[in-house]
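Chemist: Provided below for reference: sequence and predicted model.
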Number of protein chains: 2
Amino acid sequence: MDTIEPASEARPDKEPRTDRGRRTLRKLLDAAAAEFGEKGFHEASISGITRRAGTALGSFYTYFDSKDEIFRALVSDMSGMVRTHSAREVLPEMTPIEIEAAALKGFLKFARDHKEIYRIIDEAEFVDPASYRAHYETTAKRIVERLEKGAASGDFRPGLNEAHAWAIMGMNVFLGMRYAILAEDREIEEVVAVASDLLRNGIAKGE
Amino acid sequence: MDTIEPASEARPDKEPRTDRGRRTLRKLLDAAAAEFGEKGFHEASISGITRRAGTALGSFYTYFDSKDEIFRALVSDMSGMVRTHSAREVLPEMTPIEIEAAALKGFLKFARDHKEIYRIIDEAEFVDPASYRAHYETTAKRIVERLEKGAASGDFRPGLNEAHAWAIMGMNVFLGMRYAILAEDREIEEVVAVASDLLRNGIAKGE
């Protein structure tokens, strides 16, 4: 299969240096999310992206060399958005279990507002496998840190590890696929309550 | 995006009527799994499939009209294999929680032996969205049935529903991605023990 080249080193020369530049870059990434989300990688075009962004073609090349490069930047951008939107619902006084519920709530809200995220991340498996893997490995690492913190404070069982993190991540991703992408037939709060109860108590009946 | 046409009605005229026919069909589906798994849908070819199968091109057209059609048949075939391989580890005397663990064990073993399954099912999201959705909806339905049975016998909490099923399915799919596809750096038994403990007890420390 054709996959795009792995990311080379950072490109500090291409970082926007002004507020206007940052706004243009943001517009290009948002336009790329819409273009790739609607058409998929192969049918998407740079001119489609600049048209949606309302920017000149020259602005695109100020920040990106190719369609491959903006796709890779977009996956990394969306991965970051998942992180910030999940963190947005977390409050300082929350317990570790409440933090897991809040992170899922933030993610589900984000996914409902940005349904293209599934197609883009999922297409990265084929178009840019390194970014696909990095997205999940980074997310899992973040969950492991939360689990270790919760175990240290005595809220979680000891011994939670990477496998628990992948299990929780998969649970969240699939609840998002079902209740944010396929249909919005249940309230986010209800879905979060199911996941939170599963993490708190499991599904077995207590003795 | 280009997606393949949804399946038309069943094609009883194309069902193999002899053992030899069934063996040829099996060879074609196995060859298709290898071809699509290695090359992806767009690069894969019918001649690549028949070459791998060691069958004549005419045999292909006895059973399938097109690359689209064998891809659709393959997704449905793999979905069925997930079901049968998960069920293979289940024993009649098992408790509902043990059944969940056995189903995951069977799935992880199958995924390690058929690593192409992730690429094929995941590519269906783009190439054949109806089959992609059907695979997960069917799998979730099967889990719901097991949860309801477990709740009826008093082994599981009451009130388990579709959201629990999607959560468990996501957990299983992601544990497979991590420990069957990305790396085999933990024993299947250990991974199953983590998931089973999560379902049994959750991750919160008991009071």
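Modeler: Yes, it's here. Numbers count the residues shown, from 1 in each chain, chains lettered A, B, ... in the order given.
Chemist: hey, C-alpha coordinates of stretch A:137-149 in PDB?
Modeler: Output of stretch A:137-149 as PDB, limited to C-alpha atoms (Å, rounded to 0.1, in the frame of the first residue of the first chain):
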ATOM      1  CA  GLU A 137       0.200   5.200  22.100                       C
ATOM      2  CA  THR A 138       0.200   8.800  23.400                       C
ATOM      3  CA  THR A 139      -3.400   8.500  24.500                       C
ATOM      4  CA  ALA A 140      -2.700   5.200  26.300                       C
ATOM      5  CA  LYS A 141       0.300   6.800  28.000                       C
ATOM      6  CA  ARG A 142      -1.800   9.600  29.300                       C
ATOM      7  CA  ILE A 143      -4.400   7.100  30.700                       C
ATOM      8  CA  VAL A 144      -1.600   5.000  32.400                       C
ATOM      9  CA  GLU A 145      -0.400   8.200  34.100                       C
ATOM     10  CA  ARG A 146      -3.900   8.800  35.500                       C
ATOM     11  CA  LEU A 147      -4.200   5.200  36.600                       C
ATOM     12  CA  GLU A 148      -0.900   5.300  38.400                       C
ATOM     13  CA  LYS A 149      -1.900   8.500  40.100                       C
END
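Chemist: tell me which residues of it are tucked away?
Modeler: Buried residues in stretch A:137-149, counting neighbours by 16 or more other CB atoms under 10 Å in any protein chain shown, are found at A:139-140, A:142-144, A:146-148. Where you see a C-beta, it was placed from the backbone N, CA and C, and this is true even at glycine.
Chemist: can you check stretch A:31-38 too?
Modeler: Buried residues in stretch A:31-38 (16+ other CB under 10 Å): A:31-37.
Chemist: cool, stretch A:126-133 as well?
Modeler: A:126-128, A:131-132.
Chemist: okay, now the domains of chain A?
Modeler: Listed by automatic domain parsing, the domain ranges of chain A are A:14-65, A:68-201.
Chemist: nearest to residue B:198 among the buried residues of stretch A:126-133?
Modeler: residue A:132 (24.7 Å; CB to CB).
Chemist: correct me, but residue A:124 touches residue A:134?
Modeler: No. Contact between residue A:124 and residue A:134 fails when scored by CB atoms under 8 Å: they sit 9.2 Å apart.
Chemist: between the two, point out the one with more neighbours.
Modeler: residue A:124 (27 against 18; other CB atoms under 10 Å in any protein chain shown).
Chemist: give me the element the more buried one is part of.
Modeler: In this assignment (DSSP states H and E), residue A:124 forms part of helix A:116-127.
Chemist: what about that helix, near chain B?
Modeler: Yes. Judged by CB under 8 Å from any CB of the partner chain, helix A:116-127 and chain B are in contact via A:119, A:122-123, A:125-126.
Chemist: stretch A:134-147 too?
Modeler: Yes. On the criterion CB under 8 Å from any CB, stretch A:134-147 is in touch with chain B at A:136, A:140, A:147.
Chemist: mind checking which of the buried residues of stretch A:137-149 land in helices?
Modeler: A:139-140, A:142-144, A:146-148 (DSSP state H).
Chemist: pipe those into CSV and attach pLDDT per row.
Modeler: CSV is the format used below for these (pLDDT from 0 to 100):
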residue, pLDDT
A:139, 97
A:140, 97
A:142, 96
A:143, 97
A:144, 97
A:146, 96
A:147, 96
A:148, 96
